[in-house]
Structure formats: C-alpha cells, structure tokens
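S.K.: Structure, please.
(2 chains)
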Amino acid sequence: MLRYLLGRIIATIPVVVLISLLVFLLIHAAPGDPADLLLSEEASPADIADARRRWGLDQPIYIQYLHFLTNIAAGDLGMSFRYADPVIGLIGQRLPATIELAIASLLIAIIIGVPLGVWAGAKPNSWADNLGSVFGFFGISMPSFWLGIMLILIISGYFNWLPSSGRSTYGVAQGLETGFYISHSLLSGNIKVAWDGIKYIIMPAIALGTGMMGLVMRVTRSSVLEIMSEDYVRTARAKGLDESTVLWRHVLRNALVPVITVVGLELGTLLSGSIIVETVFAWPGSGSLLISAIQSRDYPLITGTVLTYTIAFVAINFVIDILYALIDPRIRFGK
Amino acid sequence: MENSATLPANVVGAQRSSRTRRLRGAIRPWLAPKVAAGAVIVLILIIVGLLAHWIAPYDPNVQNLSHALRPPDWLFGSHLLGTDAVGRDILSRLFYGARVSLVIAVMVVIISGVVGIVLGAISGYFAGSTDFLIQKLVEVVWAFPPLLLAIAIMAFLGQGLENLILALVSQRWIAYCRVARGQALSLRTREFVDAARSLGANHTRIILRHIMPNLFPSAVVIGTFSMASAIISEAALSFLGLGVPPEIPTWGSMLADGRTYISTSWWLALFPGLCIFFTVLGINLLGDGLRDILDPRLKRSGSGIG
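M.R.: Just a heads-up that it's a prediction; the model follows:
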C-alpha cells in the first residue's frame, strides 16, 4: 500500500506543475501587459516599471514561470488589489462556506437519489420506475442557477419561508471562527445557531444537489436492476427472506459501488456548480469570491482562486483513488 | 429460367412483408416516446432559431422605457411574455436567444468533435510517445473542475464569441478523444489496417479513411450529450456575465436580469429558464434514445453530463 501511495503521489506532481503552467500561460495570453493586469488601475508608470522589475517581468519567460511556480509552492498567491490582503488568507476565510454547501448538497443528492433509484430499479417499468425516470431526467436537465432563482421566487418571495441570500442572520453566527457554522454549532450544542444555518443552506443545497440527485438516482436504478438478477439474490429469496430485507440488505450493498464511483467522478461538477449557485444566493464562499474578483478585475485573486479550486479537485481525486485501492486490492497490485 | 416474375405471388408477398417488417423494425426505435419527445423539442428549437427574424414580434434590442417591466399579457397585450427593465420584448429576445444558443452549441460540438477525434485517433494509432504526450495534455486539462477552466479563460481573455467558443471547447473535446483513442488502439492491429498499409497507404490516409469512419457512431452519441452540456455551460457563463457581449440576447444573460429583478418581476426569470430547461431536456432525451439505437455499448459508461 505504501508503494502504491508513493507512486500515486509522484504521478500527481507533474500534473500539478502542468496545471500551474497552463494558468501561467493564460495570464500571459490575456490582452495587455501582466504588470497592467496585476497592478491596480491607479498605478503610475513608475509603479509599473518598478513592479516589472520586482516581478521579473523583464526576464525571459521560463524564468518568470519558475518564479510563479516557486511562489505557489511556498503558498504565496500574491496580494489582492481590492482587499489589499494576501490572497491565500481571503480564500481560506471563504472555503468553509463552500465546503459546508458542497457537503449539504451531496447529502441531499444521496438521501433522496438512492431510495428513489432502489424503488425504481426494484420494480422496472412500473409507475414508480417511470416516475423516477422522469424525475431523473428533470434532475440532470435542470440548470442549477435557474432552479435556485425559482426557489427564491417561490419559497422566499411568495411564501416567505426561507431566507433568499447569505449564510446566517446578522449577528447570530458571531464567534464561530472555524467558519463551519452548522457543524461547529451542532458539535457545541448550540441548536439555535445550527437551525439558523440550516434555514439558510436548504435552498442553495437543493439547487446545487438536484443535478447530482438525478444522476445518483439513474445509476442506482440501473445498478439495482442488474444485481436483482444475480444468483445470490435468488438464494437470499430462497432462504425465505422477505423482499425488503433482500432489497435493502443484500442488493443495495453491492449496488452502491457504482453509485460511489459516480459520486466521486461528479464531485468536480459539484465544485464548479457551487461557483454559480453561490452567486445566485450571495453565499459567501470561495465561488462568489471568484466571480466578484472577476467583476473587479482582481487578477491575483482570480489566479489564486482558480489554482485553489483545481488543486483541491486534484486532491479530492487523489483521495478517491486511494480509497479505491484500500477497498479493492486488485488496484494496488494489478495494472 | 426462374426470375421474380415467375415466382408465386405468395413468395413475393412474403418478401415484401419481410422487407416492410425490417423497415418497421428500423423505424420503431425512433418512435419511442423518449426519442419522439426529444426530437419534437429539438425541432421546435431549430425552427424558432432559424425563423427568429420573421416570427419575433419586436426587434430584440429596441428599448422602450415607457413599456419597462410590463407583466405578461396573454390575450390582448402587445407583449405576450412581458418586457424587461428597459422595455425590450421578452418573447422576441427568447426567439433570438434560441438562435444564439443553438449556433454556439453546434459550433462548440463540431469543433470539439473534430479536435477530439483527430487527437484521439492520432494518439491511439501511433501509440508510444505521441500517445504519451497527448494523454498528458488530456490529463492536465481534465484536472480542472468542469467549467472552471472555461471561467478562467473568459476571465483572462475577456468577453467575445471566439473566446466563448474556445472556453466551451477547452474541456469538451476530451470525451471524444478518450473514446477515439480507445477504438483507434484496438483498430490499429486489425487486418484491414494491415492490408491498407501493405497496399502502400500512408498514415494520414489510414487514419482518415480506415480509422475515423469507425469512430463516427460513438461521436454522434457523445455529440448530443455534449450539446446539452454546452447549452447549459453557455447559459451559465452568460449568467455570470462571462459570455458573449451584452448586446446579444442570450437566455443566460436574461436569467441574470431575472435574478436582479426577482422581487418585483417574476417573468424575467421564469421564461428564459424554462427555455434552457426544455432545450436541455429535449436534447438529453434524444441523446439517450440515439445511444440505445446507435451505440448500445456506451450505455454503461455514464450519461456524459458535465
């Protein structure tokens, strides 16, 4: 296992280096001089000349790239123009909100998608199956940002049940330094704050999770359908187990393997979907930070956020690979 | 001596009926409710997009501030689906938006398909170090979360049609490339490729004439799903203000207006969203049906939504 782990780490390093190269090239492909881009608009020509020297923009491009790379490796993503703070700190402050939203969406997708899929797969071509299939198609075809707007329109606007934007009522979540409002307040037993957080997270999580839910439902259905015809299911039935035990204890356990695979593959979609959903709900996460950085042309912050998202995605895929290797020894030893 | 003229009538009848049966068998999959519904939606979209200039009741960009934010008036009103904040007719903008969505999505799908299939076929056919290099490129581009690379491209290169197409193609060619590479890898050792080579065909000819035609059915299936995702992504980028220039009406930018005026004018957000949703639904339904017909093997490899 250790050898596999080392091998995977070594294989990941060139990918991360090439990602930084691609982002570097993008910055240089942007119209205008990087010094103009990376300095605020009020900078004087003297400031620009100074910055060009300081950032080594007068040096050959491969030297510039090496500087860029060593800065990233040292965790230095530069300073934001707009906030005049280190980029890495700004992203760090916003990341918990994004992670909490992503986890909530994932929970919604699984809690609703799996039972619907099992229900549909256990009775193929029944009305339940057809309903589930319609539901699945709706789920994957629904743009998250439109669903979000419709939820705001109906649930907040018409019924006034849930708040339409933000993460918590002003002043309620003060002192929660970790930034994980819901999990932090639940762990410390502060039900009132947790409930406040939950009210704010429900709609964004539904908007973000519905696409994944449709997919989970469809994959669960086809996987259950396939496993229902296996010999061991017949044996379980022959033993006299009742149908629901067979389904939920014997079939589901094996049917979940492809579901976990798909969830792992689609985490990236969830990550980038969160950028848009955060914008719809003014959710103070790193996605809305990216969009506001783009709107104010805060290039260091854009670069930093893009790199953070991508490296996080690589790390997630890495962890999923390792988990597979733990579950299935064939991956560790075989080819 | 014996020809069809002397054959007994019942044999001819049997032949004909077997032919009609075969024909019916070939048509039936296209009449499945899924495919038919999808095809109807896509057809409506194409017609509306093509005829936008003639069927739109107003110029989509003409502002009329005295008609600003009129609610929909179904029966007698001059604006069937209402107007936006500067008095532009929503219905007309939706028609033109259909054209924009369709043109961009079709261009993106074709460019991604050509790039992906060519690179995939080269990668699989030559194998070795060429394959290694192309696959490294695939690995790196794929390492970005979906849509993030597109957002980054638009953020650095700026708004505009060419940049938008580049952004939408940036990751979309990979699906074609993977499938093309896999098939080319297995085709390169087949007898007909050996035969072509021994007859003196060069690599370009073998790839173009003998490998690529075999990749076509999978490419069509990937193409339909990738079209659905291209429409969603284009709408998402326009929604974020990262799409085509603001004077071109798109469903995504109309939705962004809808978000702004959500507390007063529900129609601004409802109609463009419905258009995106039904378009994507239609293409997905059609793609699902096409997959069953053209390439059942792809069935287990996931839906390709992303």
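
S.K.: what's B:V169 in contact with, if anything?
M.R.: Going by Cβ atoms under 8 Å, 6 or more residues apart in numbering or on different chains, B:V169 touches B:108, B:111-112, B:115. Yep, even glycine has a C-beta here, placed from its N, CA and C like the rest.

S.K.: typo on my end, it should be B:F278
M.R.: With Cβ under 8 Å, 6+ apart, B:F278 has these contacts: B:I41.

S.K.: per-residue confidence at it?
M.R.: The model reports B:F278 with a pLDDT of 93.

S.K.: Shouldn't it be within a strand?
M.R.: No - judged by DSSP: H, G, I helix; E, B strand; the rest coil, B:F278 forms no part of a strand; its state is helix.

S.K.: Please name the nearest non-neighbouring residue to residue 294.
M.R.: In the absence of a named chain, chain A is used. Leaving aside its sequence neighbours, A:I294 sits nearest to B:A155 (Cβ to Cβ, 6 or more residues apart in numbering or on different chains; 4.6 Å).

S.K.: other chain: chain B
M.R.: B:L294 sits nearest to B:P217 (Cβ to Cβ, 6+ apart), 4.6 Å away.

S.K.: give me the element that neighbour is part of.
M.R.: Per DSSP states H and E, B:P217 falls inside helix B:212-239.

S.K.: what mean pLDDT would you report for the helix or strand following that helix?
M.R.: Heading C-terminal from helix B:212-239, the first helix or strand you meet, by DSSP H and E, is helix B:251-260. The average pLDDT within helix B:251-260 is 91.

S.K.: now stretch B:218-233
M.R.: Taken as a whole, stretch B:218-233 has a mean pLDDT of 89.

S.K.: Ok, stretch B:121-131 next?
M.R.: On average, the pLDDT along stretch B:121-131 is 91.

S.K.: Then stretch B:78-86?
M.R.: The model assigns stretch B:78-86 a mean pLDDT of 82.

S.K.: Run through who's touching it.
M.R.: Under the criterion Cβ under 8 Å, 6+ apart, residues B:57-58, B:63-65, B:67-74, B:89-91, B:93-94, B:254, B:257, B:260-261, B:265, B:267-268, B:271 lie in contact with stretch B:78-86.

S.K.: go again using 10 Å as the cut-off
M.R.: Residues outside stretch B:78-86 that contact it (Cβ atoms under 10 Å, 6 or more residues apart in numbering or on different chains) are B:57-58, B:61-65, B:67-74, B:77, B:87-94, B:249, B:254, B:257-258, B:260-261, B:264-268, B:270-272.

S.K.: First-to-last residue distance for it?
M.R.: One end of stretch B:78-86 to the other measures 16 Å (Cα to Cα, to the nearest Å).

S.K.: Repeat that for stretch B:59-71.
M.R.: 18 Å.

S.K.: So which bits of that stretch are buried?
M.R.: B:60, B:67, B:69-70 (16 or more other Cβ atoms under 10 Å in any protein chain shown).

S.K.: So which bits of the stretch 51-200 of chain B are right by chain A?
M.R.: B:136-137, B:139-158, B:170 (Cβ under 10 Å from any Cβ of the partner chain).

S.K.: In strands only, show me these.
M.R.: Judged by DSSP state E, strands contain none of those.

S.K.: tell me the contacts of B:L65?
M.R.: Each residue near B:L65 by Cβ under 10 Å, 6+ apart is listed here: B:83, B:85-87.

S.K.: about what we covered before: pull out the buried members of the contacts of stretch B:78-86.
M.R.: B:58, B:67, B:69-70, B:72, B:87-94, B:249, B:254, B:257-258, B:265-268, B:270-272.

S.K.: Nearest residue to the middle of chain A?
M.R.: A:L271 (2.3 Å; Cα atoms, centre = their mean).

S.K.: what about it, distance to A:I316?
M.R.: Between A:L271 and A:I316 the distance is 8 Å, computed by Cβ to Cβ, to the nearest Å.

S.K.: Between those two, which contacts overlap?
M.R.: Going by Cβ under 10 Å, 6+ apart, residues that sit against A:L271 and also against A:I316 are B:P145.

S.K.: neighbours around the residue of the stretch 101-250 of chain A found nearest chain B, how many?
M.R.: Nearest to chain B, among the residues of the stretch 101-250 of chain A, is A:W146, at 3.5 Å (Cβ to the nearest Cβ). If you count neighbours by other Cβ atoms under 10 Å in any protein chain shown, A:W146 ends up with 28.
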